[in-house]
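Visitor: Need coordinates for the following:
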Amino acid sequence: MTAGNPVIAEGFSENLPPVSVVIVCFNAGETLSTCLQSVLYQDYAGEWEVLVVDNQSTDGTLEELKRFSRTYSRLRFMINPQRGIAVSRNIGWRNARYDWVAFTDADCRAPSNWLTMLMTGMQRHAVHTPNLAAVGGSNVPPSGDSVFYRSMGLFLNSYLGSHSSVQGRCYQQDQEAPHLPTLNVLYRKAALQRVGGFDETFYNIGEDRDLSYRLQQAGFSLYYLANATITHVMRSTMCAWFHNMFVYGKGRMWLMRRHPHEIDRVLLLPMGLVGSIPAAWWFPLLPTVYGISMACYSLWIAVRHRQPVLTLPLCALFIGTHVCYGMGQWYGLVRNRPMNKQTGPCNQTRPVK
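Guide: Next up, the predicted model:
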């Protein structure tokens, strides 16, 4: 290697290696076109393909995929004969042509340098972390005048909104992470093969967090990249967001039951909050203190970002999210996780012509 060149970790060359981008979708007609355009128009210097796995959509998504595949040779798609996000993700990476597999979702928009940031980040950190399995970044709501999305951006980038998760936090420096959400991540295919991929019994909830646990238990590391952020067109109303938080809460509890040694006690606080609601009749000071604390915290965040008008929606987001997440946790505690019925090998696929 010539002087002045960066150190190239084992498994890499000086050229950017080819990457397979996997997108799982279901009835994504409203967002899929924008997502596909963003991943098809990357400035990546290496080769890449885009593989979409559809969960038997009924809203015109397939027609959109056919239209794109006629225009872009690097795009191909498959139908998952057995619904479920975990199954679809396994179909995607197992049918990927290349040794590096990036995941994003159909409601995301990637900047043109997304793949470049992921792969150069992987190369950079693999030098001192040879067991590096994956790198990934944050996701942020769309920018604009929407009060909800502006509030959501501040909410997610706070400790009481996202805890220490990189799901919505925007950290200033790269760092090792306990988990990388699959809407913005690059995996070594060999690492996925080593742990068997996604656990299909998780169906649609918690499959990526479970994978992160098992990768780390197998001795792999995960790294957060500060410069690899994508836009996520998430739930557009508070009601839809709160419903999603209920789903996430029960998924979190099912994960805790599967991996009790990985329990983060801080994430049990919403459950404790909901459990204390009946006691509010005798101890009204409890909800009063909580409500005032959330109001003050919301005001502090809004003023710090010079958007005091967002104080009220921020407060509603904090309280509603904590309560709905906690309710989901209680549901996940008293109800067993529904098991995805196995109908055959998860890499069986039906290509669409």
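
Visitor: Now do the contacts for the nearest residue to residue 53 once chain neighbours are set aside.
Guide: Nearest residue to residue 53, sequence neighbours excluded (C-beta to C-beta, 6 or more residues apart in numbering): residue 88, at 4.2 Å. Where C-beta positions appear, they are placed from N, C-alpha and C, glycine not excepted. Shown in contact with residue 88 (C-beta atoms under 8 Å, 6 or more residues apart in numbering): 24, 53, 54, 55, 80.

Visitor: Can you pull the phi/psi pair for the third one?
Guide: I take that to be residue 54. phi -100, psi 140 (degrees, to the nearest 10).

Visitor: who touches it in this structure?
Guide: With contact set as C-beta under 8 Å, 6+ apart, residue 54 has these partners: 25, 26, 61, 62, 65, 77, 78, 79, 80, 88.

Visitor: Make TSV from the contacts of residue 88 and add distance to residue 229 to it.
Guide: Below are the contacts of residue 88 laid out as TSV (distance: C-beta to C-beta, whole Å):
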residue	distance to residue 229
24	20
53	24
54	26
55	26
80	28
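
Visitor: which one among the residues you listed gets closest to residue 216?
Guide: Of all the contacts of residue 88, residue 24 has the smallest distance to residue 216: 22.9 Å, by C-beta to C-beta.

Visitor: who's in contact with the helix or strand where the closest one lies?
Guide: Element membership for residue 24 (DSSP states H and E) is strand 19-25. The contact list for strand 19-25 (C-beta under 8 Å, 6+ apart) reads 32, 35-36, 39, 44, 46-55, 57, 61, 85, 88-89, 92-93, 96-98, 100-106, 115, 118-119, 186.

Visitor: which among these end up buried?
Guide: 32, 35-36, 39, 44, 46, 48-55, 57, 61, 85, 88-89, 92-93, 96, 98, 100-106, 115, 118-119, 186 (16 or more other C-beta atoms under 10 Å).

Visitor: now the helices for the stretch 201-350 of the chain?
Guide: With helices called from DSSP state H, counting those that start in this stretch, the stretch 201-350 of the chain shows them at 207-217, 238-258, 269-275, 285-304, 311-334.

Visitor: Could I get these in TSV, plus columns for mean neighbour count, distance to residue 224 and mean pLDDT?
Guide: Shown next, in TSV, are the helices of the stretch 201-350 of the chain (neighbours: other C-beta atoms under 10 Å; distance: least, C-beta to C-beta, whole Å; pLDDT from 0 to 100):
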stretch	mean neighbour count	distance to residue 224	mean pLDDT
helix 207-217	21	12	94
helix 238-258	19	20	90
helix 269-275	17	23	89
helix 285-304	15	22	94
helix 311-334	20	22	95
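
Visitor: can I get the ones you listed in JSON lines with distance to residue 175?
Guide: Formatted as JSON lines, the helices of the stretch 201-350 of the chain follow (distance: least, C-beta to C-beta, whole Å):
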{"stretch": "helix 207-217", "distance to residue 175": "15"}
{"stretch": "helix 238-258", "distance to residue 175": "22"}
{"stretch": "helix 269-275", "distance to residue 175": "24"}
{"stretch": "helix 285-304", "distance to residue 175": "22"}
{"stretch": "helix 311-334", "distance to residue 175": "24"}
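
Visitor: for the helix or strand hosting residue 62, packing partners?
Guide: Element membership for residue 62 (DSSP H and E) is helix 61-71. With contacts taken as 3 or more C-beta pairs under 8 Å, 6 or more residues apart in numbering; DSSP states H and E, helix 61-71 sits against helix 32-40, strand 48-54, strand 75-79.

Visitor: Mind checking these for the one nearest to residue 157?
Guide: Once the helices and strands packed on helix 61-71 are compared by C-beta to C-beta, helix 32-40 is nearest, at 21.9 Å.

Visitor: tilt between the closest one and strand 75-79?
Guide: Here the directions of helix 32-40 and strand 75-79 differ by 130 degrees (axes from the mean of the first three to the mean of the last three C-alpha atoms, to 10 degrees).

Visitor: In the record's domain split, what are the boundaries for this protein?
Guide: Here the domain parsing of the chain from automatic domain parsing is 19-234, 240-334.

Visitor: Outside of stretch 59-73 itself, list whatever touches it.
Guide: With C-beta under 8 Å, 6+ apart as the criterion, stretch 59-73 contacts 25-29, 32-33, 36, 40, 50, 52, 54, 75-77, 79, 352.

Visitor: Restricted to buried residues, select the residues you listed in ChimeraX.
Guide: Buried residues among the contacts of stretch 59-73 (16+ other C-beta under 10 Å), as a ChimeraX selection:
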select :25,26,28,29,32,33,36,40,50,52,54,75,76,77,79
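
Visitor: number of nearby residues for residue 154?
Guide: 21 (other C-beta atoms under 10 Å).

Visitor: distance of the closest residue in space to it that isn't next to it in sequence from residue 242?
Guide: Counting by C-beta to C-beta, 6+ apart, residue 154 lies nearest to residue 301, which is 5.4 Å off, once chain neighbours are set aside. Distance of residue 301 to residue 242, computed by C-beta to C-beta, to the nearest Å: 19 Å.

Visitor: And the lowest mean pLDDT element among the helices and strands of this structure?
Guide: strand 350-351 (a mean of 36; mean pLDDT, DSSP states H and E).

Visitor: Below-threshold pLDDT in this protein: ranges please.
Guide: 1-14, 338-353 (pLDDT under 70).
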